[in-house]
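Visitor: sequence and predicted model, in that order:
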Amino acid sequence: MSFSSMSKQQVLDAGEGAGEEVVEMIPGLPEEVAEKCLLHLPFLYHRLFRTVSTTWNRFLSDTPAKPLLFPPAAGAGAAGVTSVSLSLPFLLAFAFDPVSRRLQCQALDPFSRRWLLLPPVPGGAAAGSFAVVGLPRRGEIYVIGGVEEGGEKAVRSVAVYSAARNGWEEAAAMRTPRGYMAAGEVGGRVVVAGEDGEAEVFDPEAGQWAPATSRRGAVVARYDAAAAGGKLYVTEGWAWPFERAPRGAVYDAAADSWGEMARGMREGWTGSCAVAGGRMYIVAEYGEWRLKRYDEARDEWRMVAGSGVPPEVRRPHVVSGEVGEITGGRRRIYVVGAGLDVAVGTVAASAFPGVHGGEEEMVEWEVVKGPAEFAGLAPCNAQVLYA
């Protein structure tokens, strides 16, 4: 029986039998209420809170009530939408200081609206060259490869951040040095693919890289990538006027095979993609920065009702989405802009039926302003991590 599943009387009885003095977690509060309070402690401070008392230390160290690895929700289906009711989402923003050129990582608690500074990211890759992949179910984020700053040499190095330890450590290096690459989480593993079509897969349980089937055909110059439904989507992006039709490729992890991206998906991929609640959304890079959702059955990107990203969140933009649905079947998307101003978009089913059939959605935005000291920071990646 775990500590968190024991009743207060059971804990007292256990302490008497062992000759230990048992102290209430929070004096005056029922044990189950105290547990819920401790579950909301920011993960960055867990080490400090463990020093408060042996009771807090036992709860934070041994309880499975706030898991980093959580199971799929009932009825989640193949989309892999998960339940994160006891895990709290934190938005991790990677940004470069334009003066020092150093990469730093800040964590935003969406509930308190507080930014927390994480330990420095190891390595010295050039801005934009490396890949960042989150494994939210494990509470881990990987910074992969890149090009050495001031040079053109690609590297094999991989660093992993763990929310449980609040620290970085070196992970197994890739089999091949890679600079600019597409990467994403597919089925709990990290898939990376270079522009030359060579690919490999990292298994975090085994801590090893293994080769994946290479993509054949012309080189796809990565513009954006997203992982959803057991597949990694890599797009060459768009430009106007088109010199040629944009290209796109899809890696199916279950079949270990590559295929061509559907025409409607690749031609309508006109911005940065975030996956939220198992659905793919794009923040368009033109006009009012409106949000679009991909409809696989119709092979088209459908406009989400509501306004575009608030203009006070300035470019450059990076986007991310929460893995699971939130209350009422809604989905949450984050758009991080210059100075780490954040537009938080909540997407819900629209009350008005669609003209062409199918579910219509509407987004509402809220802006969280970054602190004044972040004014010069330029974001390069954002990930949602549960801890």
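Guide: Sure, I can see it.
Visitor: so what pLDDT did Arg215 get?
Guide: We have a pLDDT of 88 for Arg215.
Visitor: which strand or helix spans Arg266?
Guide: helix 263-268 (DSSP states H and E).
Visitor: what residues sit buried inside that helix?
Guide: By neighbour count on 16 or more other Cβ atoms under 10 Å, the buried set for helix 263-268 is 265-268. C-beta here means a position set from N, CA and C on the backbone, and glycine is covered the same way.
Visitor: you'd agree Asn381 is up against Pro316?
Guide: No - using Cβ atoms under 8 Å, Asn381 makes no contact with Pro316, being 10.8 Å away.
Visitor: these two: which has the busier surroundings?
Guide: Asn381 (22 against 13; other Cβ atoms under 10 Å).
Visitor: which strand residues bridge that one?
Guide: Phe94 (DSSP bridges).
Visitor: give the contact list for it.
Guide: 93-94, 132, 318 (Cβ atoms under 8 Å, 6 or more residues apart in numbering).
Visitor: 7 Å instead?
Guide: With contact set as Cβ atoms under 7 Å, 6 or more residues apart in numbering, Asn381 has these partners: 94, 132, 318.
Visitor: with Gly187 instead?
Guide: Taking Cβ under 7 Å, 6+ apart, one finds 230, 253 in contact with Gly187.
Visitor: now with 10 Å?
Guide: Applying Cβ atoms under 10 Å, 6 or more residues apart in numbering, we find Gly187 in contact with 80, 201, 227, 229-231, 253-254.
Visitor: so among those, where is pLDDT lowest?
Guide: Gly80 (39).
Visitor: quick revisit: what's the helix holding Arg266 in contact with?
Guide: 233-238, 242, 245-250, 260-262, 280, 282, 284, 292, 294-296, 298-302.
Visitor: repeat the analysis, applying 6 Å as the threshold.
Guide: 235, 246, 248, 299-301 (Cβ atoms under 6 Å, 6 or more residues apart in numbering).
Visitor: quick check: buried residues in the host helix or strand of Ala343?
Guide: Element membership for Ala343 (DSSP H and E) is strand 342-349. Buried residues in strand 342-349, counted by 16+ other Cβ under 10 Å: 342-348.
Visitor: redo those as a markdown table? Include pLDDT and distance to Ala387.
Guide: Formatted as a markdown table, the buried residues of strand 342-349 follow (pLDDT from 0 to 100; distance: Cβ to Cβ, whole Å):
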| residue | pLDDT | distance to Ala387 |
| --- | --- | --- |
| Val342 | 97 | 18 |
| Ala343 | 97 | 23 |
| Val344 | 97 | 18 |
| Gly345 | 97 | 22 |
| Thr346 | 97 | 21 |
| Val347 | 97 | 23 |
| Ala348 | 96 | 26 |
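Visitor: tell me the one among those residues nearest to Ala173.
Guide: Distance to Ala173 across the buried residues of strand 342-349 (Cβ to Cβ) is lowest for Val342, with 33.0 Å.
Visitor: nearest residue to Phe202 in space, please, no chain neighbours.
Guide: Nearest non-adjacent residue to Phe202, counting by Cβ to Cβ, 6 or more residues apart in numbering: Val190, 4.1 Å away.
Visitor: show me where this protein has its helices.
Guide: 8-17, 31-39, 46-49, 54-62, 263-268 (DSSP state H).
Visitor: now the second one - C-alpha only, CSV.
Guide: Coordinates of the C-alpha atoms in helix 31-39 are reproduced here as CSV (Å, rounded to 0.1, in the frame of the first residue of the first chain):
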residue,chain,number,x,y,z
GLU,A,31,-5.1,14.2,5.0
GLU,A,32,-6.9,14.1,1.7
VAL,A,33,-7.1,17.9,1.5
ALA,A,34,-3.4,18.2,2.5
GLU,A,35,-2.5,15.8,-0.3
LYS,A,36,-4.3,17.9,-2.9
CYS,A,37,-2.5,21.0,-1.7
LEU,A,38,0.9,19.3,-2.0
LEU,A,39,0.1,18.0,-5.4
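Visitor: list the buried residues of that helix.
Guide: Buried-residue list, helix 31-39, by 16+ other Cβ under 10 Å: 31, 34-35, 38-39.
Visitor: Serialize those to TSV and add fields for pLDDT and distance to Ala338.
Guide: Putting the buried residues of helix 31-39 into TSV (pLDDT from 0 to 100; distance: Cβ to Cβ, whole Å) gives the following:
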residue	pLDDT	distance to Ala338
Glu31	80	46
Ala34	78	41
Glu35	73	40
Leu38	71	36
Leu39	65	34
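Visitor: how about those in JSON lines, adding distance to Glu185?
Guide: Formatted as JSON lines, the buried residues of helix 31-39 follow (distance: Cβ to Cβ, whole Å):
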{"residue": "Glu31", "distance to Glu185": "36"}
{"residue": "Ala34", "distance to Glu185": "34"}
{"residue": "Glu35", "distance to Glu185": "30"}
{"residue": "Leu38", "distance to Glu185": "29"}
{"residue": "Leu39", "distance to Glu185": "25"}
